[in-house]
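Visitor: kindly return the folded structure for what I paste below:
(one chain, ligands or ions: 1)
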Amino acid sequence: MGIVNVTPDSFSDGGRWFDPERALAHGLALLDEGADILDVGGESTRPGAARPAVEEEMRRVLPVVRELVAAGATVSVDTMRAEVAAHAVEAGAALVNDVSGGLADPAMLPLMARAGTPYVLMHWRGHSAGMQANAVYGDVVTDVVDELRARVDAALHAGVPGDCLIVDPGLGFAKHVEHNWRLLGRLREVAALGRPVLVGAARKSFLGHLLADPETGRPRPAHLRDAATSAVSVLAAAQGAWCVRVHDVASTADAVRVTARWGLESVATPLPMPQS
Ligand code: PMM
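Guide: Purely as a prediction, here's the structure:
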């Protein structure tokens, strides 16, 4: 899944694709690089970000969704608002990616029950402005899995078809650095919910901390985190992730292809055993 942020303020690419023409060109380039899905978003969710008005969010995303669909892309809309999701689906979006897992807008689950498109429920504990204060867990993996299970149950209860549901541990959302690593290391426990898993690690600050300058301690800048992102993509794919959401599609597409081939090879061709 390639990211098309039509925002002035996203943390790693804010402003670069804010102009709809540039967003469209960027989406087409990501398709060429091998993206299967393009995720179009008009609201930055960086910690502390302010929310755009709903009209502004629609003004940002709908033309880009429409054009990418017309170009033959499978498009996802990254929104917490039912109204934006409904218009995007009408414009041809094939998937709704809701970072709030249906918590931000009470109209979202009923909409998804009617829309019948795949729906990503991400683990979320509140809007960006204050979310890091909610990064308090017993065991982070158990807590996130329990809270995701509750969202899956709420979606099913609202009538969203079970085979439409995708779950996401929400890396960086009300998570401190160590929480993200624990969730990645135990991704199989998220997969044990029995739903496809989406992982969004791309360029996030826990990677910047890992790669910090050893002398100054300064985190690696966001645009220099793509190699680390593809390493996460490989490991997430090897642990059964259904999808990885990334900015640099080329490196992740190659890395995931290697992972798939490696797995098939080991199944198809068992290692030769020593003769006794
Ligand atoms: N992260 C961001 C935005 N949308 N959606 C899902 N499903 N999972 C994520 O982890 C996620 C997301 C924030 O990252 P960005 O500013 O680089 O888009």
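Visitor: any idea which helix or strand comes after the helix or strand Ser230 falls within?
Guide: Using DSSP states H and E, Ser230 sits within helix 226-238. Using DSSP H and E, the helix or strand that directly follows helix 226-238 along the chain is strand 243-244.
Visitor: state the mean pLDDT of that next one.
Guide: Averaged across strand 243-244, pLDDT comes to 96.
Visitor: near the ligand at all, that strand?
Guide: No - figure legend: strand 243-244 not in contact with the ligand (Cβ under 6 Å from any ligand atom); closest approach 8.8 Å. Using the backbone N, CA and C atoms, a C-beta is placed for each residue, glycine as well.
Visitor: what's in contact with that strand?
Guide: Residues outside strand 243-244 that contact it (Cβ atoms under 8 Å, 6 or more residues apart in numbering): 1, 36-37, 166, 196-202, 232-233, 236-237, 252, 256.
Visitor: hang on, Gly48 packs against Ala129?
Guide: Yes - shown here, Gly48 and Ala129 form a contact pair, counting by Cβ atoms under 8 Å, at 6.1 Å.
Visitor: contact partners for Ile3?
Guide: Ile3 is in contact with 13, 30, 39, 41, 202, 245-247, counting by Cβ under 8 Å, 6+ apart.
Visitor: Gly27 now?
Guide: Neighbouring residues of Gly27 by Cβ under 8 Å, 6+ apart: 2, 4, 38, 40, 64, 68, 71, 73.
Visitor: list the contacts for Phe206?
Guide: With contact taken as Cβ under 8 Å, 6+ apart, Phe206 is in contact with 171-172, 175, 177, 180-181.
Visitor: and the ligand, is the helix holding Ser230 touching that?
Guide: No - applying Cβ under 6 Å from any ligand atom, one finds helix 226-238 separated from the ligand by no less than 10.1 Å.
Visitor: from Pro118, how far off is the nearest residue to Leu171 once chain neighbours are set aside?
Guide: Nearest non-adjacent residue to Leu171, counting by Cβ to Cβ, 6 or more residues apart in numbering: Asn180, 4.8 Å away. When Cβ to Cβ, to the nearest Å is the yardstick, Asn180 and Pro118 sit 24 Å from each other.
Visitor: repeat for Asp143
Guide: Relative to Pro118, and taking Cβ to Cβ, Asp143 is found at 25 Å.
Visitor: ditto for Arg257
Guide: Taking Cβ to Cβ, one finds Arg257 at 23 Å from Pro118.
Visitor: so does the helix or strand harbouring Thr142 get close to the ligand?
Guide: Applying DSSP H and E as the criterion places Thr142 in helix 140-158. No - residues of helix 140-158 are not located near the ligand by Cβ under 6 Å from any ligand atom, the shortest gap being 11.9 Å.
Visitor: phi, psi for the nearest residue to Ala94 once chain neighbours are set aside please.
Guide: Leaving aside its sequence neighbours, Ala94 sits nearest to Thr74 (Cβ to Cβ, 6+ apart; 5.1 Å). As for Thr74, its main-chain torsions (degrees, to the nearest 10) stand at phi -90, psi 120.
Visitor: so Thr74 is in contact with Leu95, correct?
Guide: Yes - assessed by Cβ under 8 Å, Thr74 is found in contact with Leu95 at 7.5 Å.
Visitor: overlap in contacts, the two.
Guide: Ile37.
Visitor: who has more neighbours, those two?
Guide: More crowded of Thr74 and Leu95, by other Cβ atoms under 10 Å: Leu95, with 25 against 16.
Visitor: who's in contact with that one?
Guide: Here Leu95 is in contact with 37, 74-77, 117-120 (Cβ under 8 Å, 6+ apart).
Visitor: go through those residues and name the one nearest the ligand.
Guide: The ligand lies nearest to Val120 out of the contacts of Leu95, by Cβ to the nearest ligand atom, at 4.8 Å.
Visitor: thinking again about what came up before, contacting the ligand as well, which ones from the contacts of Ile3?
Guide: Among the contacts of Ile3, the ligand is touched by 202, 245 when using Cβ under 6 Å from any ligand atom.
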